[in-house]
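[1] This is a predicted model, with the sequence first.
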Amino acid sequence: MSGSFDTLYRQSIADREGFWGKAAEAIDWHRKWDRVLDDSNPPFYRWFAGAELNTAHNCLDRHVAAGRGDQVAVIHDSPVTQTIARITYREMTDRVARFAGALAKLGVTKGDRVIIYMPMVPEALVAMLACARLGAIHSVVFGGFAAKELATRVDDCKPKVIVSASCGIEVSRVVPYKPLLDAAIEMAAHKPAHCVILQRPMEQARLISGRDLEWSEAEAGVVPHPCVPVAATDPLYILYTSGTTGQPKGVVRDNGGHAVALNWTMRHIYDMQPGEVYWSASDVGWVVGHSYIVYAPLLHGSTTIVYEGKPVGTPDAGAFWRVIAEHKVRVLFTAPTAFRAIKRDDPNGEHIGKYDISSLRALFLAGERSDPATLEWAEAKLKVPVIDHWWQTETGWAIAANCLGIEKLPVKHGSPTRAAPGWDVQVLGDDGHPAKPGEIGNIVCKLPLPPGAFPTLWNAEERYRKSYMTTFPGYYQTADAGFLDEDGYVYIMARTDDIINVAGHRLSTGGMEEVLASHPDVAECAVIGAHDELKGQVPLGFLVLKAGVDKPAEKVVAEVVQLVRDKIGPVAAFKSATVVARLPKTRSGKILRGTMQKIADGKEYNMPATIDDPAILGEIEGALRGIGFARKE
């Protein structure tokens with residue numbers, strides 16, 4: 001595809017079938033589709049109905065057949081174990097075929113579910129692709145996730161086999177996985193027939209006879225398994241995301257639309273060529289890891305990096321620059337949280353100068369709002385385009401982005417640019433009427449969603465309809481609030497839950513966070529709405545200061561309060577903030593604002609299953625009490 005962004009975008013909306021039918025020509029099909037889009041049963045749209053393909057074949061075998069078997073497919077870079085391994089497309093194909101044979105020997109067939117509970121090792125990718133090769137459905141659960149949460153997922157998807165490892169490795173500690181896995185299976189009503197365990201040298205897991213097998217034992221004597229054709233509309237994977245009821249939602253991804261969309265994005269959004277090195281600094285347990293550590297780079301024939309480490313501390317704030325220099329990374333995709341951590345520890349960017357990062361062409365950020373201060377810091381230090389883009393677990397790829405492979409549009413800090421081709425993004429008021437440019441409302445996407453987005457929830461079609469498709473009929477409700485400007489640029493201000501009502505004024509916590517983040521001493525921040533008898537809610541700020549700041553906390557607080565007054569106005573009623581050592585986050589880097597709000601209001605809360613370090617919540621409660629909040633009801 002060639003042409004300006006506007007031309008391609010208009011085509012993607014006016015002629016969806018023609019646009020995505022052309023994109024699908026880049027994928028190998030066992031059988032072509034009867035229809036590009038089956039729209040006979042809205043909101044359950046299906047892409048490439050009647051077609052058959054195999055995702056693992058498209059990720060691996062076809063590149064070997066095209067003569068590129070000796071190209072490196074996967075680089076495993078593990079500073080926590082001080083090892084680097086490179087695996088070619090041919091080697092990866094052989095390993096996946098062999099492990100597919102092992103799963104088949106354990107009774108896994110097309111349509112069966114397999115849970116994968118693994119650290120950031122190549123075997124995690126092998127297991128995912130082996131499931132795809134068999135036509136089985138994988139469900140990856142973040143390694144080290146709490147036993148209760150793992151048990152919930154076991155009962156929901158009922159796996160025939162669980163693939164795990166003896167342990168994961170954090171910066172300075174080993175995290176045994178097997179006791180968590182055993183406890184989860186004990187809690188669950190459903191019992192998997194087998195568990196395959198990768199024994200790592202740092203921790204030897206205790207195996208249960210008759211159920212558990214070592215990885216090497218499972219592979220012993222197996223025959224490599226061929227690729228099994230599946231329907232384009234068959235599920236490739238289930239990925240659980242938190243639900244408001246406490247019951248996680250199993251987001252389903254299909255095979256056909258997913259392969260077409262993700263392959264398309266590598267060239268058109270990220271401007272990648274086959275053979276170049278792409279690094280998504282995430283985890284396979286999250287949607288970013290599924291899409292951009294595993295599937296998109298391999299579908300496109302790129303080299304992907306599997307990184308077992310942190311942005312700082314492995315060994316220092318130069319960790320990312322070492323990887324980029326050593327492996328000649330072209331595009332880095334990570335969360336703004338990672339860059340805020342780097343900026344906090346190395347505000348002057350001194351570590352960057354120690355490495356040759358001239359290979360880097362662009363930095364993409366997603367997962368949490370990218371505040372302008374972080375974007376500007378990255379632009380100044382890296383001297384490459386820094387692209388904020390916006391997407392969700394449900395969408396699988398970017399809803400809005402600056403598509404570098406089509407046409408680089410002017411950057412507006414605070415905006416992930418415009419809706420990407422295929423996405424018809426609109427802003428509606430609570431009454432369902434379109435909002436004016438610049439007016440905050442509910443961000444929605446007109447149906448049908450493009451290929452690669454979720455067609456349903458696992459065994460929960462009514463929940464899919466009610467949670468996402470009912471409030472605004474004919475639209476997908478993103479649950480994000482924001483606005484479109486006069487140029488069609490999208491601004492994500494907050495989750496709809498984070499729009500606070502101060503004395504009748506609807507205010508975005510995200511807008512206030514932008515102001516706080518612009519203060520030269522602030523490395524990270526968050527704003528929540530706390531209950532107030534007079535005004536309904538008042539905003540509260542949390543500030544993490546940069547390394548080396550010796551200014552009294554009270555002075556920084558006074559300065560940010562004045563800054564909000566200057567930039568937003570007295571209407572914000574922003575008068576309270578507290579300095580904290582760190583913010584509570586999920587393991588994927590999202591700040592747990594909802595939990596912080598409950599603590600501030602003195603309400604009971606459940607420990608979030610995805611929290612990185614539960615001890616932080618006690619620190620937050622102490623800080624809030626220091627400014628008159630967190631009093632029990």
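    Here it is on my side, so go on.
[2] can we go C-alpha only for contacts and neighbour counts from here?
    Will do.
[3] Which elements pack onto the strand or helix carrying D6?
    Taking DSSP states H and E as the criterion, D6 maps to helix 5-14. Packed against helix 5-14 by the contact rule (3 or more CA pairs under 8 Å, 6 or more residues apart in numbering; DSSP states H and E) you find helix 16-23.
[4] so where's the stretch 151-300 of the chain uncertain?
    For the stretch 151-300 of the chain, applying pLDDT under 70 flags the ranges 242-246.
[5] at 90 what do you get?
    For the stretch 151-300 of the chain, the stretches flagged by pLDDT under 90 are 170-173, 241-248.
[6] Over to the stretch 301-450 of the chain?
    In the predicted model, the stretch 301-450 of the chain carries pLDDT under 90 at residues 313, 335-338, 340-341, 344, 367-374, 414.
[7] Strands of that one, residue ranges please.
    For the stretch 301-450 of the chain, the strands defined by DSSP state E, counting those that start in this stretch cover 303-307, 329-334, 362-365, 386-388, 400-401, 418-419, 425-428, 441-446.
[8] Turn those strands into CSV, including mean neighbour count.
    Listed next are these as CSV, based on neighbours: other CA atoms under 10 Å:
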stretch, mean neighbour count
strand 303-307, 26
strand 329-334, 22
strand 362-365, 21
strand 386-388, 27
strand 400-401, 26
strand 418-419, 24
strand 425-428, 22
strand 441-446, 23
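[9] is it possible to export the ones you listed to TSV including distance to L60?
    Compiled in TSV, the strands of the stretch 301-450 of the chain are given as follows (distance: least, CA to CA, whole Å):
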stretch	distance to L60
strand 303-307	12
strand 329-334	21
strand 362-365	25
strand 386-388	29
strand 400-401	28
strand 418-419	31
strand 425-428	34
strand 441-446	33
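[10] Could you name the helices and strands sitting against whichever strand or helix holds V515?
    If you go by DSSP H and E, V515 is part of helix 509-517. Packing partners of helix 509-517 (3+ CA pairs under 8 Å, 6+ apart): helix 372-382, strand 490-495, strand 522-532, strand 536-545, helix 553-567.
[11] which residues touch it?
    By CA atoms under 8 Å, 6 or more residues apart in numbering, the surrounding residues in contact with helix 509-517 are 369, 371-374, 493-494, 498-500, 522-529, 539, 541, 543, 560, 563-564, 567-568.
[12] How about stretch 624-632?
    In contact with stretch 624-632 (CA under 8 Å, 6+ apart) are residues 576-578, 599-603, 621.
[13] Out of the residues you listed, name the ones that lie in helices.
    Counting by DSSP state H, the part of these found in helices is 599-600, 621.
[14] Separate out the buried members of those.
    Those of the ones in helices among the contacts of stretch 624-632 that meet the buried threshold are 599-600, 621, by 16 or more other CA atoms under 10 Å.
[15] Let me have those in JSON lines, adding distance to A281 and pLDDT as columns.
    As requested, those are arranged in JSON lines below (distance: CA to CA, whole Å; pLDDT from 0 to 100):
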{"residue": "I599", "distance to A281": "31", "pLDDT": "93"}
{"residue": "A600", "distance to A281": "33", "pLDDT": "92"}
{"residue": "E621", "distance to A281": "31", "pLDDT": "92"}
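[16] now the residues you listed as CSV including distance to Y240?
    Below are these laid out as CSV (distance: CA to CA, whole Å):
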residue, distance to Y240
I599, 26
A600, 28
E621, 29
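[17] related to what we said a few turns ago, rebuild the helices and strands packed on helix 509-517 as CSV, extending it with distance to E91.
    Formatted as CSV, those follow (distance: least, CA to CA, whole Å):
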stretch, distance to E91
helix 372-382, 34
strand 490-495, 42
strand 522-532, 42
strand 536-545, 45
helix 553-567, 55
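[18] Give me the neighbour count for E149.
    E149: 15 surrounding residues under other CA atoms under 10 Å.
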